[in-house]
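*Asks:* Dropping the sequence and predicted coords here.
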Amino acid sequence: MKTGMSKKALIGATTLATSLVLAACSSGNQEDTTTTPSEASSEMMMSSDQIDSSSMMSSDSSSSMSSSSSTADSSSSSSSNTDTSSKGIENKTFDVSMEDAVNKFKDEYSDAEITSVSIDEDSNNYVYKVEGYNATNEVELEVDATTGEVMNKDTDDKDNVDDDEVLDLAGLVSPQEAMKAALDKVGSGYAKEWGIDSKNGTIYYEIDVEGSDSANDDVHIDAKTGEFLEFD
């Protein structure tokens, strides 16, 4: 009887110990996986901070891209404007003036009358061309607008140049003023070349306008008053 009771007691004790161990393990697992209110609040704050940080990074990136795009557009516009204006001579200042070129012509042909003066582009160089005639010949002189060097002299037999009107070069508006008046009239483009001529007693600048939205490329400006005369 005692032996049977001892075995039952031992079995009961073993069962109780096993139950306690299992209960302890289960309690431990619950403690490991259970999140306290304080921990949950902390995790929510961290998640919110991460979202805010991500949003700020996205906003900064978008702002940077917008700024870059704006800068690129501005640069492109500026470049376009710079390219157009750099092609024209309306803002160029040459070392040799029109008066200098005319004086060189008079030094070379002291007895000649002047019938036209112009400036043309020749192989990326600008050259003044002064034309006229004397008692026996038609004469022409080309002068480099940068160096003042005489590039070419030409003398031909006189041929009906008496019909060409002699230019009175006193009191003319400057080429820059004439080019500005022409571009203001056309509204766009740039001045490529200009020349001075005379017709029916009126001395005028003929401005060659390029790159404009208008079909009127040649503009006549009164050389004495700077006023618009006509399109050619």
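*Replies:* Now that the structure is in, tell me what you want to look at.

*Asks:* Enumerate every residue touching Ala223.
*Replies:* If you count contacts by Cβ atoms under 8 Å, 6 or more residues apart in numbering, Ala223 has them with Leu172, Val173, Ala178, Ile196, Ile203, Tyr204, Tyr205. For the C-beta atoms, the positions are set from N, CA and C on the backbone; glycine is no exception.

*Asks:* How about the secondary structure of the second one?
*Replies:* Each residue gets one of three states, and Val173 gets coil by DSSP: H, G, I helix; E, B strand; the rest coil.

*Asks:* Quick check: phi and psi on it?
*Replies:* phi -70, psi 160 (degrees, to the nearest 10).

*Asks:* Counting neighbours, what do you get for the nearest residue to it once chain neighbours are set aside?
*Replies:* Sequence neighbours aside, Gly226 is the residue nearest to Val173 in space, at 4.2 Å (criterion: Cβ to Cβ, 6 or more residues apart in numbering). By other Cβ atoms under 10 Å, 16 other residues sit near Gly226.

*Asks:* Let's verify Gly226: helix, strand, or coil?
*Replies:* Going by three-state DSSP: Gly226 is coil.

*Asks:* from now on call the first residue 444
*Replies:* In the new numbering, first residue 444, that becomes Gly669.

*Asks:* Am I right that Val609 is in contact with Glu556?
*Replies:* Yes: if you go by Cβ atoms under 8 Å, Val609 and Glu556 touch, sitting 4.5 Å apart.

*Asks:* pLDDT weak spots in the chain?
*Replies:* Low-confidence segments of the chain, defined by pLDDT under 70: 444-529, 603-606, 659.

*Asks:* cutoff 80 now
*Replies:* 444-529, 602-606, 657-659 (pLDDT under 80).

*Asks:* hey, where'd the helices end up in it?
*Replies:* 445-476, 480-530, 541-551, 618-629 (DSSP state H).

*Asks:* thinking again about what came up before, relative to Asn546, how far out is the residue nearest to Val616?
*Replies:* Gly669 sits 23 Å away from Asn546, going by Cβ to Cβ, to the nearest Å.

*Asks:* How about Gly614?
*Replies:* Taking Cβ to Cβ, one finds Gly614 at 17 Å from Asn546.
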